[in-house]
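Q: can't give you the sequence, but here's the structure:
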RNA sequence: CGGGGCGUAGCGCAGCCUGGUAGCGCACCUGCUUUGGGAGCAGGGGGCCCGGAGUUCAAAUCUCCGCGCCCCGACCA
C-alpha cells in the first residue's frame, strides 16, 4: 500500500537550499505579539499560535500566517500562496503526477473560458454549478455575443474535445489529466479549504464500457488514498457519496474522507463515474469491432489545493505545522549553536559538511545560518514550519563528531536523541524520516479510531453523541434522501460516505428507520 | 444573503466617549554584549489615522453617506 524508501529522496529540484529560505526573501515581519489574553496563559512557551482547544479555526489561520503558507489577497475569497506553502502543493503535484503517468495518463490543457451553452447542455451539471459561476460578459470593451463562464470544472469543454478525438474503439481508453485553476464563487471561504479560485488537477477519461470506466474511477480513488496515506501520512476512508452529495452530473461519486484535528471530516479527493451523461450531450461516440456506434463512458477525478489544508489540519499541533517528510519542502534543518566566536567557525564548518553530505544523498536539507537569532528561537521557528527532522550541532557535537536529532512528531525532549555519529548520517536519515512519517500516520489513525463511534442504534443516541462528542459516527443506514437532509438540519452532521470496505457486510438495523440493511454510512461534521 | 465586529506604521493594537495635529508592543536598520529551547541594552527609520461630504478657529476623535475586511449561520472540492 505504501511506497517506501525512495519516497523521501529529494525530488524537489536539487537539495540545495531553495530561495524561499534566504532571510532576504522571508517575509519582513513575524509578529509575535498577539493581543489575546490566552497568550498570557501560554507564557512559558510564548506561543504565537492559538491552541487548537481554544479555537480551532483561529489555530488554523495562525498556522497559515506564522508558517508563511498563505496571505490574504486583495480579492475577497482568494489567497496568495506563499513560496513555502506552494512548495507543499508542488510536492503533492509531483507525487500525483508521477502516478498518473505511471497509469497511462497524459497531461493536456483546456481553456479557462467555457461557453455558457456548454455548461447548459447537461441539466444536472448546470443546475449544480450555476449558483457559483463567475461569468465574463465583456471582452475587449464590447459585450460578448455569448457569455463565457470561468471554468468551475472542465467536463463540458473536455467533452466537446473528446467528441472529436474519439472515433473508434482503438482510441479508447482516452486518459487525460490537466493541472489548472478553477473558480467557484463561494460565499464562505477559508484558505486552502475553500477559496473562490483554487488549483487542482482534473482527470478526464473516456472508456468503451461501463466496467472499464468504473475500474478507472476506483483505480484513481486508490491512487488518491495511496498518496494520502503513503505520502501525506493521512489515513483516509474510501467511500461512495450519497445521492445528495454526488457531483452534479455524475452517476456515482467516490471520495476519500479524512479526519481533521478537531474531529471534522474533510473530503480530500473525489472520483466520479459519469456514465453516458456527458458523452450523450457532447456526442462522444466510437465504432466498435462490429462497426456499431456506442457512447463512451466517462470519468473525472480531482485533488485540489484543499489537500494542503488536509495536511495542515490532520497533523498540526499547538506548536504549529507538522509535515510528512515526503511533502516537506525542507526535510532536515540544521541549527548551529555556538558561544564564542572561535566556536562559531568550527561549528559552521562542521555543520556545512553535514549539510553537504545529506544534500549529496538527495535529502532536502537546510542549514540555518541566520545571525543574531538564538538557537532556541530557531528550534521553535522550524517546529512552527513543520520540518520533520532537526539536527542540532554545537561545540560538544563537533568535538564528539556527533549531532543531536529531534523528530517533529514527538514533543520536546521525547523526540530528541543525543550523540548520533555524523559518520554515516546520510544513510540513517531516510530511516529517521520514515519514522516520522509512520509516527504521524499512526497518531492520526489512533486519533481517528478514538473519535469514531460505532454501535449507535437510535436517533436519540445519535443526536446526543453528535452534540457532545463529535468525530465520526459509523452506522447502518437505510434512510431516504430527505431523512439525510433532515438529519443534517438537526445535527449539522452530513453523510460523508458509504465506506467501500464496509459494504456487503452483515446486515444491521438502521438507527433511524429500524430497517435491516447491510449498508454502512459514516456521518460527521465536515469542512 | 441575514446577524455581529473591525478599518490608526509591515503585523497586532491603544487613542475616539470628553476635538488641540499620533502612541505602544513586535518586526525593521545601526552598534555593543549574547547564543545547548522564543536574548539584552543603547540609538534610529517608518503614518493621505479606509474614502467622501459636513460641523468647527481646529477632526483619527463629532454627524451623514459610501467602501472594504473579519467572525457566526444558509450553498460547496
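A: Right, received. Where do you want to start? Bear in mind the structure is a predicted one, so any value in this text is a computation, not a measurement. Residues are numbered from 1 along each chain as shown, chains lettered A, B, ... in the order given.
Q: what residues does the stretch 51-200 of chain A put near RNA strand B?
A: Contact residues of the stretch 51-200 of chain A with respect to RNA strand B, defined by C-beta under 7 Å from any atom of the strand, are listed as A:57, A:61, A:72, A:75-77, A:128, A:131-132, A:184, A:186-190, A:193-196, A:198, A:200. Where you see a C-beta, it was placed from the backbone N, CA and C, and this is true even at glycine.
Q: just the ones of these in strands?
A: A:72, A:198, A:200 (DSSP state E).
Q: okay, and the beta partners of the second one?
A: Pointing back at residue A:198 there. In this entry, residue A:198 is beta-bridged to residue A:182, by DSSP bridges.
Q: ok, it to residue A:190 distance?
A: Noted for residue A:198: a distance of 11 Å to residue A:190, by C-beta to C-beta, to the nearest Å.
Q: for those two, indicate the residue with more neighbours.
A: Neighbours per residue (other C-beta atoms under 10 Å) separate residue A:198 from residue A:190, with residue A:198 holding more: 21 against 17.
Q: quick one, grab the pLDDT at the most centrally placed residue in chain A.
A: Geometric centre of chain A, nearest residue: residue A:307, 1.5 Å, by C-alpha atoms, centre = their mean. In this model, residue A:307 is scored at 96, pLDDT.
Q: could you do the one 5 residues further on as well?
A: Note for residue A:312: predicted pLDDT of 95.
Q: just residue A:45 next, same as before
A: According to the predicted model, the pLDDT of residue A:45 comes to 32.
Q: same check, this time on residue A:157
A: Looking at residue A:157, its pLDDT reads 97.
Q: elements contacting the host helix or strand of it?
A: For residue A:157, the host element (DSSP states H and E) is helix A:155-165. Using 3 or more C-beta pairs under 8 Å, 6 or more residues apart in numbering; DSSP states H and E as the contact test, the elements touching helix A:155-165 are helix A:116-119, strand A:174-183, strand A:197-207, helix A:277-282, strand A:297-304.
Q: quick check: which element contains the residue nearest to residue A:242 when sequence neighbours are not counted?
A: Take residue A:242 and drop its neighbours on the chain: the residue closest to it by C-beta to C-beta, 6 or more residues apart in numbering is residue A:495, 4.7 Å away. When secondary structure is defined by DSSP H and E, residue A:495 falls within strand A:494-499.
Q: tell me what that strand is packed against?
A: Under the contact definition 3+ C-beta pairs under 8 Å, 6+ apart, strand A:494-499 sits against strand A:236-240, strand A:252-259, strand A:265-275, helix A:481-491, strand A:520-524.
Q: can you list the residues of the stretch 401-527 of chain A near RNA strand B?
A: Among all residues of the stretch 401-527 of chain A, those adjacent to RNA strand B (criterion: C-beta under 7 Å from any atom of the strand) are A:404, A:406, A:412, A:413, A:415, A:416, A:492.
Q: how about a cut-off of 6 Å?
A: Listed as neighbours of RNA strand B in the stretch 401-527 of chain A under the rule C-beta under 6 Å from any atom of the strand: A:404, A:406, A:412, A:416, A:492.
Q: which of these tops the neighbour count?
A: Comparing those on neighbour count, residue A:406 comes out first with 24 neighbours (neighbours: other C-beta under 10 Å).
Q: quick check: what element follows the host helix or strand of it along the chain?
A: With the criterion set as DSSP H and E, the secondary-structure element containing residue A:406 is strand A:402-407. Counting by DSSP H and E, the next helix or strand C-terminal to strand A:402-407 is strand A:416-421.
Q: show me which residues of that following strand are buried.
A: Residues of strand A:416-421 classed as buried: residue A:420 (neighbour count, 16 or more other C-beta atoms under 10 Å).
Q: could you check how far the residue sitting furthest away from the middle of chain A is from RNA strand B?
A: Among residues of chain A, the one most distant from the C-alpha centroid is residue A:342; the distance is 45.9 Å, by C-alpha atoms, centre = their mean. Taking C-beta to the nearest atom of the strand, to the nearest Å as the measure, residue A:342 and RNA strand B are separated by 11 Å.
Q: so what does whichever strand or helix holds that residue touch, helix or strand wise?
A: Here residue A:342, judged by DSSP H and E, is contained in helix A:341-360. Contact analysis of helix A:341-360 by 3+ C-beta pairs under 8 Å, 6+ apart lists strand A:332-336, strand A:365-367, strand A:389-393, helix A:395-400, helix A:425-450 as its packing neighbours.
Q: so where's chain A uncertain?
A: Applying pLDDT under 70 to chain A picks out residues A:1-47.
Q: that older thread, would you turn the helices and strands packed on strand A:494-499 into a markdown table with distance to residue A:216?
A: Below are the helices and strands packed on strand A:494-499 laid out as a markdown table (distance: least, C-beta to C-beta, whole Å):
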| stretch | distance to residue A:216 |
| --- | --- |
| strand A:236-240 | 15 |
| strand A:252-259 | 11 |
| strand A:265-275 | 8 |
| helix A:481-491 | 27 |
| strand A:520-524 | 24 |
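Q: CSV please, covering those and showing mean neighbour count.
A: Putting the helices and strands packed on strand A:494-499 into CSV (neighbours: other C-beta atoms under 10 Å) gives the following:
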stretch, mean neighbour count
strand A:236-240, 23
strand A:252-259, 25
strand A:265-275, 25
helix A:481-491, 14
strand A:520-524, 24
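Q: on that earlier part again, drop anything exposed from the residues of the stretch 51-200 of chain A next to RNA strand B.
A: When neighbours are counted using 16+ other C-beta under 10 Å, these contain these buried positions: A:61, A:77, A:128, A:184, A:186, A:189-190, A:193-196, A:198, A:200.
Q: which of the helices and strands packed on helix A:341-360 is buried the deepest?
A: For these, ranked by mean neighbour count under the definition mean count of other C-beta atoms under 10 Å, the leader is strand A:332-336 at a mean of 27.
Q: re the thing from before, among the helices and strands packed on helix A:155-165, show me which one is buried the most.
A: Mean neighbour counts were taken over the helices and strands packed on helix A:155-165 using mean count of other C-beta under 10 Å, and the top value, a mean of 27, falls to strand A:297-304.
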